[in-house]
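Colleague: Quick one: sequence and predicted model below, then my questions.
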Amino acid sequence: MVTRTPSPNAGEASGAAAVQPDIPSSIPELDIDPFSLDFFADPHPAHEVLREAGPVVQLRRWDVYAVARYAEVHAVLNDPATFCSSRGIGLSDFAKEKPWRPASLILEADPPAHTRARAVLSRVLSPAAMKQIRDGFAAAAEAKADALLAKRSFDAITELAEAYPLSVFPDALGLKPEGREHLLPYAGVVFNAFGPPNELRQTAIERSAPHQAYVQEQCQRENLTPGGFGARIYARADAGEITAAEAPLLVRALLSAGLDTTINGLGAAIYCLARFPDQWARLRSDPSLARNAFEEAIRFESPVQTFFRTATRDVDISGHRIREGKKVLMFLGAANRDPRRWELPDQYDVTRRTSGHVGFGSGIHMCVGQLVARLEGEMMLSALARKAASIEISEPVKRLYNNTLRGLDSLPVTLKPA
Amino acid sequence: MPTINFIHPDGRPDAVDAHAGESAMQAAARHGIAEIAAECGGNAMCATCHVYVDDGWINRLTKMTEDEDALLDGAAAERQPTSRLSCQIAIVSELDGLVLRLPVGGGRRGDDETAGPGPAAALLRVLAWTR
Ligand code: HEM
Ligand code: FES
């Protein structure tokens, strides 16, 4: 069944001196650690090495396979029967190791269980549901833009990329006002925990207890405001689509994945627009580009950089054999800049046709909250584009270090009113 | 090669060569039809690939799923009895001549086709990868 084709880049593979019995030598082995601080500081050169080494590579440091080209990342995402999520979408294999928290009913599930949970969240976060929250999200964005323009100089991470989603999303979800300070630390743990057992992951999990306690409490029906996404999930449980025991875990999914992601997405967009004034000018001249400017920032920066899958059987990817039970790391950020797929991939272009990027994933697990993310991005960028003449970086930026998320810790900017 | 006739909101027709096996959305994307933003890339999640199927054709398409039905309720442009999501219309040779009307502001984006050499060439590549 398996043909061992020679590596297209034999030079890269020559380092594989000590070939382990179950590792075919034709797959290039690399020493890159994609979860190291050096890598996070500037992943693009390493992404290029990963893409060019071959369609599939092996990462010695963590003994995993990896794909970094668009075609292979897309293919793995779209074959969930072969590349499953239920054994965890981090490095940890749930078949061998107990998950650090009860596994997600949606993110870390396969059909048919996934299908049921997914149907519930898709309806709760549907295009029709977005129409109901749109005006409120727009008004909050206008107010935020006005306040920031009055201030002129501020940190665009804390005061914009965090502040705006925090002003709309927890309310839309129906969270109590008390305890919200746990939300960002909790999400930080979740996204660090997908990584390998490095210091980032270990420290995050060690400190996670109070945040987990808050989240568990907040996911209960009595703590969710009527009308919010959380209450709507419980209504679906009442209708029998999921069990009462499943509802809190689906609320938890939104709580884990719905905030830090959009924060880093919005941060990415502001960082792009501040770095590329021609694109800011373009957006200013046509604020209806706001939605696409956000989408292009998701492609360009890929706030969610990586996820794993586990092979459910021996399988060939582009002629290279992957053994059952092996983890496969997908580099979404590298796929989103693969020159095989994208024209001028390293350029941020607010008019680009972005359809098909994998920043929100692809296939059955493709981000179920993508409409919320786009709504926030569109509203905030559109308000800024109409009200601000320029946006400039005023002091050196600081990078955020997380095993999965890419973004900034601080982005000092100055806005000039239009 | 089946031809799909897209009709822009201003009445301008755009005949597009489609490949059997792709979706009407993919054919439109390859030809840079701006009204079809297809934000979710054909994953039936966004309703930004909304089209109105010409009366003569509507009954010749396969029936829509419940998911498509629910998504159409949230489409930006008004839903009509002939509304479909173009990413859910699989092109087969029998659909040669299919007429799809594009909704006003359906794509939501202010796409500018003069924006440089990028989109069309890049989209030709999409096809190679997604087939
Ligand atoms: C810019 C913002 C966002 C980015 C970049 C992003 C990225 C992603 C990605 C890449 C996946 C795929 C995971 C996989 O394939 O294993 C995903 C899934 C998911 N996202 Fe998002 N996301 C964002 C915003 C949101 C928001 C706002 C919510 C909630 C309202 C959300 C909730 C979820 C959930 C629940 C899943 C799991 C879906 C499933 O497994 O079927 N995300 N997201
Ligand atoms: S492309 Fe998103 S629903 Fe058709």
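Modeller: Arrived safely. The shown structure was predicted, so the numbers you read here are calculated from the model rather than taken from an experiment. Ligands and ions are numbered 1, 2, ... in the order given.

Colleague: mind listing the strands in chain B by residue range?
Modeller: Counting by DSSP state E, chain B has strands at residues B:3-7, B:13-17, B:50-53, B:83-85, B:98-101.

Colleague: Tabulate the ones you listed in CSV, adding columns for mean pLDDT, distance to A:Gly319 and mean neighbour count.
Modeller: No exception for glycine: its C-beta is placed from N, CA and C like everyone else's. Shown next, in CSV, are these (pLDDT from 0 to 100; distance: least, C-beta to C-beta, whole Å; neighbours: other C-beta atoms under 10 Å in any protein chain shown):
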stretch, mean pLDDT, distance to A:Gly319, mean neighbour count
strand B:3-7, 97, 35, 18
strand B:13-17, 96, 32, 13
strand B:50-53, 98, 39, 26
strand B:83-85, 98, 35, 24
strand B:98-101, 98, 38, 21
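
Colleague: Kindly reformat the ones you listed as JSON lines containing distance to ligand 2.
Modeller: Listed next are those as JSON lines, based on distance: least, C-beta to the nearest ligand atom, whole Å:
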{"stretch": "strand B:3-7", "distance to ligand 2": "15"}
{"stretch": "strand B:13-17", "distance to ligand 2": "16"}
{"stretch": "strand B:50-53", "distance to ligand 2": "8"}
{"stretch": "strand B:83-85", "distance to ligand 2": "5"}
{"stretch": "strand B:98-101", "distance to ligand 2": "13"}
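
Colleague: could you redo those as CSV and give each row distance to chain A?
Modeller: As requested, the strands of chain B are exported to CSV (distance: least, C-beta to the nearest C-beta, whole Å):
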stretch, distance to chain A
strand B:3-7, 16
strand B:13-17, 15
strand B:50-53, 10
strand B:83-85, 11
strand B:98-101, 17
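
Colleague: Now tabulate those in a markdown table and tack on distance to B:Ala27.
Modeller: As requested, these are exported to a markdown table (distance: least, C-beta to C-beta, whole Å):
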| stretch | distance to B:Ala27 |
| --- | --- |
| strand B:3-7 | 6 |
| strand B:13-17 | 5 |
| strand B:50-53 | 11 |
| strand B:83-85 | 14 |
| strand B:98-101 | 10 |
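
Colleague: Where does chain A get nearest to ligand 1, which residue?
Modeller: A:Gly369 (2.0 Å; C-beta to the nearest ligand atom).

Colleague: For chain B, see how far away that residue is.
Modeller: 10 Å (C-beta to the nearest C-beta, to the nearest Å).

Colleague: ok, now how distant is that residue from A:Phe300?
Modeller: Using C-beta to C-beta, to the nearest Å, A:Gly369 is found at 20 Å from A:Phe300.

Colleague: swap in B:Val53?
Modeller: 35 Å.

Colleague: Torsion angles phi and psi at whatever residue of chain B ends up closest to chain A?
Modeller: Nearest residue of chain B to chain A: B:Gly74, at 2.4 Å (C-beta to the nearest C-beta). Main-chain dihedrals, B:Gly74, degrees, to the nearest 10: phi -100, psi 10.

Colleague: you'd agree it is up against A:Ile133?
Modeller: No - in this structure B:Gly74 lies outside contact range of A:Ile133 using C-beta atoms under 8 Å: 11.6 Å.

Colleague: Pop out the phi and psi values for A:Phe331.
Modeller: phi -90, psi 90.

Colleague: Any figure for the gap between it and A:Ala41?
Modeller: Counting by C-beta to C-beta - A:Phe331 and A:Ala41 are separated by 16 Å.

Colleague: Tell me, how many residues neighbour residue 86?
Modeller: Going with chain A. 19 (other C-beta atoms under 10 Å in any protein chain shown).

Colleague: hmm, I had chain B in mind actually
Modeller: Counted with other C-beta under 10 Å, B:Ser86 comes out at 27.

Colleague: For it, which residues are in contact?
Modeller: The contact partners of B:Ser86, by C-beta atoms under 8 Å, 6 or more residues apart in numbering or on different chains, come to B:Ser23, B:Ala24, B:Met25, B:Ala28, B:Ile36, B:Ala38, B:Cys49, B:His50, B:Val51, B:Leu100.

Colleague: quick one: pLDDT of the closest residue to the first one other than its chain neighbours?
Modeller: When you say that, I think you mean B:Ser23. Leaving aside its sequence neighbours, B:Ser23 sits nearest to B:Cys87 (C-beta to C-beta, 6 or more residues apart in numbering or on different chains; 4.9 Å). As predicted, B:Cys87 sits at a pLDDT of 97.

Colleague: In contact with B:Cys87, which residues?
Modeller: B:Ser23, B:Ala24, B:Met25, B:Gln26, B:Ala38, B:Cys40, B:Gly42, B:Asn43, B:Ala44, B:Cys49.

Colleague: Wait, the first one touches B:Val92, no?
Modeller: No - with contact taken as C-beta under 8 Å, B:Ser23 and B:Val92 are classed as non-touching, separated by 11.1 Å.

Colleague: Give me the below-cutoff pLDDT ranges for chain B.
Modeller: Across chain B, the ranges flagged by pLDDT under 70 are B:106-131.

Colleague: quick one: the residue nearest in space to the middle of chain A and ligand 2, what's the gap?
Modeller: Centroid-nearest residue in chain A: A:Val304, 2.6 Å away (criterion: C-alpha atoms, centre = their mean). Relative to ligand 2, A:Val304 is positioned 19 Å away (C-beta to the nearest ligand atom, to the nearest Å).

Colleague: Surely that residue is in contact with A:Asp260?
Modeller: No - A:Val304 is beyond contact range of A:Asp260, at 9.5 Å (criterion: C-beta under 8 Å).
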